[in-house]
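Student: Fold the following for me, if possible:
(2 chains)
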Amino acid sequence: MEEVNLKKDTFKVANRKLKSRLIVGTGKYKNFKETAKAVKESGADMVTVAVRRINVLDKRKPILTDYLNPKKIIYLPNTAGCFTSDEALRTLRLAREMGGWKLVKLEVLGDKKTLYPNMIETIKSTKILVKEGFKVMVYCTDDPLLAKKLEDCGASAIMPLASPIGSGLGLQNKVNISLIIKQSKVPVIVDAGIGTASDATIAMEMGCDGVLINSAIANSKNPIRMARAFKNAVISGRDSYLAGRMKKNYFATPSSPTDGLI
Amino acid sequence: MAKIQLNGKKVDINSKDTIYKLLKKFNLNNKKVAIECNGIIVPQSNYKKKILKNNDKLEVVHFIGGG
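Tutor: Have a look, this model is predicted:
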């Protein structure tokens, strides 16, 4: 019975069906081999990737696509490192040219120390990208009003931060994330700041549609095992959310029947 | 001979070389890349047609690991 229910729980972003609610980043790994192993163990079918200059002089240097086949796993090009709308647009237009990628992750940063998103530039970019036919998943602050604004501009997914990128501080503003979940008609994916597997479970139990993890896996002592931990954490959290938790009581209720006590 | 800037580095090419020829020279013709010439994206279908000129600024990008 439960198995049937679980199968019905599909996750779609911009009409694309995803098997896993865990999306993983591909940065910060020791090497491509480790990246590929961790991605496989995570069960994710979507990975974020960055766009950078190719090293033209080093002809033998391995590249990401040698290890993660873009035909087998969905590449989600991001605009990491972009601080203006123009930079972000340039990056995503190049990404689209590379292989027709229309589903992209937009992030326009505002401050080098916190890597906090610049929402003014982010909203501006979202509008332009949507007009150009992109499906935009948007990294954003946890402000419900701005999240709503992004949805109104045509964002395909809202991706509020749990805490600053790479900080591992976990969910710092659960109330705001909950407000965003409750109001959004597009998927809400917690992006950035998750520190460990239980953080992902909590986000999923709150009703997030998915989580995006990079540093928490790549910077752990054993990224392959941590990738698996996150896979299970996300499945657990989703199941727990769908199952619906019990009510909290201030006093005890016995678990064993009180009738027939000897 | 012509001098172009390729990803910020000065590179000598034969005059009338196309983008395709340049990619082949650097073993990049079979890789997933995107190219900007003087700030404008060159569609893949134009790589064989686009002839590089002196002082052209070329950016060749690809996907790398990122979060």
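
Student: Report pLDDT for residue A:7.
Tutor: As predicted, residue A:7 sits at a pLDDT of 64.

Student: now do residue A:219
Tutor: The model reports residue A:219 with a pLDDT of 95.

Student: Next up, the contacts around it.
Tutor: Each residue near residue A:219 by Cβ atoms under 8 Å, 6 or more residues apart in numbering or on different chains is listed here: A:28, A:166, A:168. For every residue, glycine as well, the C-beta is placed using N, CA and C.

Student: now swap in residue B:3 and tell me
Tutor: Taking Cβ under 8 Å, 6+ apart, we find residue B:3 in contact with B:10-13, B:54-55.

Student: Can you lay out those residues as a markdown table showing pLDDT and secondary structure?
Tutor: Formatted as a markdown table, these follow (pLDDT from 0 to 100; DSSP: H, G, I helix; E, B strand; the rest coil):
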| residue | pLDDT | secondary structure |
| --- | --- | --- |
| B:10 | 91 | strand |
| B:11 | 88 | strand |
| B:12 | 89 | strand |
| B:13 | 87 | strand |
| B:54 | 89 | coil |
| B:55 | 90 | coil |
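
Student: hmm, which of the residues you listed are the buried ones?
Tutor: Buried subset of the contacts of residue B:3 (neighbour count, 16 or more other Cβ atoms under 10 Å in any protein chain shown): B:11, B:13.

Student: pLDDT weak spots in the stretch 1-150 of chain A?
Tutor: Residue ranges of the stretch 1-150 of chain A with pLDDT under 70: A:1-7, A:59.

Student: Contact residues of it facing chain B?
Tutor: By the rule Cβ under 8 Å from any Cβ of the partner chain, the part of the stretch 1-150 of chain A lying against chain B is A:25-29, A:32, A:35, A:48-54, A:56-57, A:59, A:63-65, A:70, A:75, A:77-78, A:80, A:90, A:93-95, A:97-99.

Student: List just the nearest of the contacts of residue B:3 to residue A:42.
Tutor: Among the contacts of residue B:3, residue B:11 lies closest to residue A:42 (Cβ to Cβ), at 39.7 Å.

Student: Report the beta-bridge partner residues of the closest one.
Tutor: Counting by DSSP bridges, residue B:11 is bridged to residue B:4.

Student: hang on, isn't it packed against residue B:4?
Tutor: Yes. The pair residue B:11 and residue B:4 passes the contact test of Cβ atoms under 8 Å, sitting 5.6 Å apart.

Student: Most neighbours among the contacts of residue A:219, which one?
Tutor: Per-residue neighbour counts (other Cβ atoms under 10 Å in any protein chain shown) across the contacts of residue A:219 peak at residue A:166, which has 19 neighbours.

Student: Just give the closest residue to that residue, not the sequence neighbours.
Tutor: Excluding its sequence neighbours, the residue lying closest to residue A:166 (Cβ to Cβ, 6 or more residues apart in numbering or on different chains) is residue A:215, at 4.5 Å.

Student: for that neighbour, phi and psi?
Tutor: Main-chain dihedrals, residue A:215, degrees, to the nearest 10: phi -60, psi -40.

Student: For residue A:43, which non-adjacent residue is spatially closest?
Tutor: residue A:231 (4.4 Å).

Student: and the one you found, that one's in a strand?
Tutor: No. The assignment for residue A:231, made by DSSP: H, G, I helix; E, B strand; the rest coil, is helix rather than a strand.

Student: how close does it get to chain B?
Tutor: Distance from residue A:231 to chain B, counting by Cβ to the nearest Cβ, to the nearest Å: 17 Å.
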